[in-house]
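1. below are the sequence and a predicted model; questions follow.
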Amino acid sequence: MVNENNLKPVRSKEEARERGHNGGVASGKSRRQMKSMTELARKIAAAPASKSNKKVLKDIGLTAADASNNAVVTASVFRAAIKGSMAAVDKWQQLTETVDDSSRVYLLPAKDIGKAFVDINRNITPNREYVFKGGRGSLKSSYVGFKIVELIKNRPLIHACAVRKVSNTLKDSVFAQIKWCITELGLEEEFTFKTSPAEIIYKKTGQTIYFRGADDPVKLKSIKPTFGYIGILWFEEVDQFCGDGELRSIEQSVLRGGDESYLFESFNPPKSKSNFMNKHVQERKPNMVVHESNYRDSPPEWLGTFFLSEAEHLREINPDAYENEYMGVANGAGGLVFDNLEDREITDEEITHFDRIYQGVDWGWYPDQYAFVRMYYDADRETIYIFAEHYVNKQSNEQTGQWIIDTGYDDYPMTCDSAEPKSVADYVGMGLMARGAVKGPGSIEYSFKWLQRRHIVIDSTRCPNTWKEFSEYQYEKDKDGNDISGYPDGNDHAISAVRYALESCMNRRGNKA
C-alpha cells in the first residue's frame, strides 16, 4: 500500500527549470571557490617561508635561504615520519616515489629501432651531422623518425623540422613516417597532428615538428617557434636536393640559436658514384657520422614475405640493380641515368611474338618534339623492347593521329601526357584509344627508378631518337659539376612517352620500383 506521506507533489516545468538553474548557479559558485582556493594554496606553497618556519629545515640539516613554504611542509612530513607517524611515513613514501616528469629521461625501446641502429643510438650527441644511407627496407627513415620523437620528449626547448625537396611529397612521406613512429611507441595521445600546414605538436610543452619543402624557401625561412628554437633538422631523400650549396642554405635558415643542434640526413644511394651525396659521404667532414644499413639488418617479420621475395627475385635476374636498390651500393659509372641499355635489331619475326603492346605519347609542337613510342614489356624477364617511334616538330594532333592510323598502330591503347587534356580529346575524337597519364606526386622519380632496374632493348635503326635520348640522358649537376638526383627537363620527350606507356605496369607484382 502506498504511503501517502512519501508522495511528493509534481512540479511544473517552470519550477523544475528554476530549481535546475539555481542548482547550476550554486555548483558553478562552488567550482569557482574551489579554483580560487587551489590557486591561493599554490601561491602560498611557492611563497618564501618565514624565519620561524625555516626552523623546521634547520632541524633536519637544511639551511636554504630562499626556501619556500612547500619545502617547509615537506620537511615537516619527514620529521613526523622519523618520529613514528605512520600517516607521515605513507606520505613520505608517496613523495619520494613520485618522479617529476620534467626530469624523466625517455628512452627508445630497443625492439622498435632494429639491431642495426642499437649502437649508434647510444652515441647520438648534439652538434654533429648524422648521415643514414642504405637500401630499401633498411629502416633508416624509421629510425630517424623514432629519434626525433625521443629528442622532442627529452629537450623541452627544442623544435624539429623535416624537409623534402618537393613540398607535395611531405604528407605521404616524412609526416606519415613520424606519425607512424609516434603510434608505434604508443604516444599518440601525447601529440596533436595538423595537416594544413603539416605540423605535429607535443601537447605537454607545445614543441612542434614542422614539415617543409625546399621548393618553398619563403615558408622555410619564416618558421619562428613561439619559444625555444629549431634544434633538429632532417633531410629525407637528401640526394634529391640540388647539391651541398642548397643544403647549407637551408641549414643556415633553420638551425638558429641554442647550444644543441641535431642534423639528420637519410637517402638511398643513387647508382652514379659521382652523385653529390655519394661524394659527400666519402669526404666525411670531422663532425660527420655515416651509418650504413640494408634490409638484411631488419627483422624479417617487419618487412614481410612479399618484400623479401621481391628482393630475391631482383637479385637473381638483375644483380646490379639489386646491389644498388637493396644493398645501398653506388655501382654506376659516370653521370648517365640509364646504364641498362642494349642497342640491337628487333626483327619483324620477333615482333610477331609480342602479345601485348604498350604505346605512349608526349605532346609537342616547337621547339619541343612530339614523341610517339611503341614497345613490348616482358614482365617475367623484366625487359623492355622499343621498336617504333614517331618524332616530329610542328605537326597538328590531326596529322600525328592520322600517322598512327595509317601505320596501323591504332590497334592498341596509348597513354598520353595528361597536361594537355584537349589533345587527348582530339585523339579520342579520331577514334584512337587514348587516355591521359595518372602522374601524381613523386611519379617522375618513381618511374625513372622503375626503368633503371629493367633491361631496355632499343632498335636504334627503327628508333634513332629514342636511342639518342636514353643513351645520352644524364643526371642534373650542381654548380660544382657534381651529379644530383634530379632529372633534367628538356631532351626527354621519347623517355616521357615510354614512362607514360608503361605506367600501368609499374604497380604490378614483380614490377615495383
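-> Cool, got the structure.
2. how much space between Glu316 and Ser460?
-> 29 Å (CB to CB, to the nearest Å). Yep, even glycine has a C-beta here, placed from its N, CA and C like the rest.
3. how about the strands in the stretch 251-400 of the chain?
-> Taking DSSP state E, counting those that start in this stretch as the criterion, the stretch 251-400 of the chain contains strands spanning 262-267, 288-293, 341-343, 357-362, 370-378, 383-392.
4. all helices of the stretch 401-513 of the chain, in order?
-> With helices called from DSSP state H, counting those that start in this stretch, the stretch 401-513 of the chain shows them at 421-429, 443-452, 464-472, 493-501.
5. which of these sits closest to Leu303?
-> Within the helices of the stretch 401-513 of the chain, the stretch nearest Leu303 is helix 443-452; the backing value is 18.8 Å (CB to CB).
6. just the CA atoms of the closest one, as PDB, please.
-> Only the C-alpha atoms of helix 443-452 are listed here, as PDB (Å, rounded to 0.1, in the frame of the first residue of the first chain):
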ATOM      1  CA  SER A 443      55.700   9.800 -60.100                       C
ATOM      2  CA  ILE A 444      58.700  11.100 -62.100                       C
ATOM      3  CA  GLU A 445      61.300   9.800 -59.700                       C
ATOM      4  CA  TYR A 446      59.400   6.500 -59.200                       C
ATOM      5  CA  SER A 447      59.100   5.900 -63.000                       C
ATOM      6  CA  PHE A 448      62.800   6.600 -63.600                       C
ATOM      7  CA  LYS A 449      63.900   4.200 -60.900                       C
ATOM      8  CA  TRP A 450      61.500   1.600 -62.300                       C
ATOM      9  CA  LEU A 451      63.000   2.000 -65.800                       C
ATOM     10  CA  GLN A 452      66.600   1.900 -64.400                       C
END
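7. give the buried residues for it.
-> 444-452 (16 or more other CB atoms under 10 Å).
8. list just the nearest of those to Glu350.
-> For the buried residues of helix 443-452, the residue nearest Glu350 by CB to CB is Leu451; the value is 21.1 Å.
9. surely the closest one and Ala321 touch.
-> No: distance between Leu451 and Ala321: 10.9 Å, which falls outside the contact criterion (CB atoms under 8 Å).
10. could I get the contacting residues of the closest residue to Ala388 other than its chain neighbours?
-> Of all residues not flanking Ala388 in the chain, Arg374 sits nearest, at 3.8 Å (CB to CB, 6 or more residues apart in numbering). Taking CB atoms under 8 Å, 6 or more residues apart in numbering as the criterion, Arg374 is in contact with 357-359, 386-389, 409.
11. try it again at 6 Å.
-> When contacts are counted by CB atoms under 6 Å, 6 or more residues apart in numbering, Arg374 touches 359, 388, 409.
12. kindly report the same for Asp216.
-> Ser167.
13. against Asp244, how distant is it?
-> Asp216 is 20 Å from Asp244, by CB to CB.
14. find the least confident helix or strand in the protein, judged by mean pLDDT.
-> Ranking every helix and strand in the chain by mean pLDDT, DSSP states H and E puts helix 13-46 at the bottom, with a mean of 61.
15. how about the helices in the stretch 151-300 of the chain?
-> Using DSSP H, counting those that start in this stretch, helices in the stretch 151-300 of the chain cover 176-184, 217-221, 243-254, 276-283, 300-317.
16. figure out which of the ones you listed is closest to Lys115.
-> Comparing the helices of the stretch 151-300 of the chain by their distance to Lys115 (CB to CB), the top pick is helix 300-317, with 11.3 Å.
17. so what touches the closest one?
-> With contact meaning CB under 6 Å, 6+ apart, helix 300-317 is reached by 137, 321-322, 326, 382.
18. out of those, which one has the lowest pLDDT?
-> Confidence by pLDDT is poorest for Ala321 among the contacts of helix 300-317, given 85.
19. which pair in the contacts of helix 300-317 spans the largest distance?
-> Gly137 and Glu382 (19.3 Å).
20. looking at these two, which is more packed in?
-> Gly137 (22 against 19; other CB atoms under 10 Å).
21. what about that one, distance to Asn268?
-> Separation of Gly137 from Asn268 (CB to CB) stands at 10 Å.
22. do Met86 as well
-> Using CB to CB, one obtains 64 Å as the distance from Met86 to Asn268.
23. of these two, who's got more company?
-> Ranked by neighbour count (other CB under 10 Å), Met86 and Asn268 place Asn268 first, with 21 against 9.
24. how about low-confidence regions in the stretch 201-350 of the chain?
-> Along the stretch 201-350 of the chain, segments meeting pLDDT under 70 span 333-334.
25. need the contact list for the nearest residue in space to Val361 that is not next to it in sequence.
-> Leaving aside its sequence neighbours, Val361 sits nearest to Cys416 (CB to CB, 6+ apart; 4.1 Å). For Cys416, the contacting residues are 361, 424, 434, 436, by CB under 6 Å, 6+ apart.
26. 10 Å instead, please
-> 359-363, 372, 423-424, 427-428, 432, 434-437, 497, 500-501 (CB atoms under 10 Å, 6 or more residues apart in numbering).
27. ok, the most centrally placed residue in the chain - contacts?
-> Centroid-nearest residue in the chain, with CA atoms, centre = their mean: Val174, separated by 1.6 Å. Val174 makes contact with 141, 144-145, 148, 161-164, 198, 209, 211-212, 234-237, 266 under the criterion CB under 10 Å, 6+ apart.
28. equivalent analysis for Asp119, please.
-> Counting by CB under 10 Å, 6+ apart, Asp119 touches His291.
29. pLDDT score for it?
-> What the model reports as pLDDT for Asp119 is 90.
30. now the one 5 residues further on
-> At Ile124 the predicted local distance difference test score is 93.
31. give me the number of residues near it?
-> 15.
32. quickly find the element holding it.
-> Taking DSSP states H and E as the definition, one finds Ile124 inside no helix or strand.
33. quick check: closest non-adjacent residue to it.
-> Lys147 (6.5 Å).
34. also Ala214?
-> Among residues not flanking Ala214 along the chain, Lys165 sits closest, at 5.2 Å (CB to CB, 6+ apart).
35. how many neighbours does that neighbour have?
-> Neighbour count of Lys165, defined by other CB under 10 Å: 21.
36. what of Tyr106?
-> Tyr106: 13 neighbours (other CB under 10 Å).
37. ok, the closest residue to it other than its chain neighbours - how many residues close by?
-> The shortest distance from Tyr106 to any non-neighbouring residue, by CB to CB, 6+ apart, is to Lys153 (4.2 Å). Lys153: 21 surrounding residues under other CB under 10 Å.
38. need the per-residue pLDDT for the nearest residue to Asn318 once chain neighbours are set aside.
-> Residue nearest to Asn318 in three dimensions, not counting chain neighbours: Arg453, with 6.1 Å by CB to CB, 6+ apart. Reported pLDDT at Arg453 in the predicted model: 88.
39. deepest of the helices of the stretch 401-513 of the chain, which one?
-> Highest mean neighbour count of these: helix 493-501, a mean of 26 (counted as mean count of other CB atoms under 10 Å).
40. state the next helix or strand along the chain beyond the least confident helix or strand of the chain.
-> helix 55-59.
41. which strands or helices does that following helix pack on?
-> Applying 3 or more CB pairs under 10 Å, 6 or more residues apart in numbering; DSSP states H and E, one finds that helix 55-59 contacts helix 69-82.
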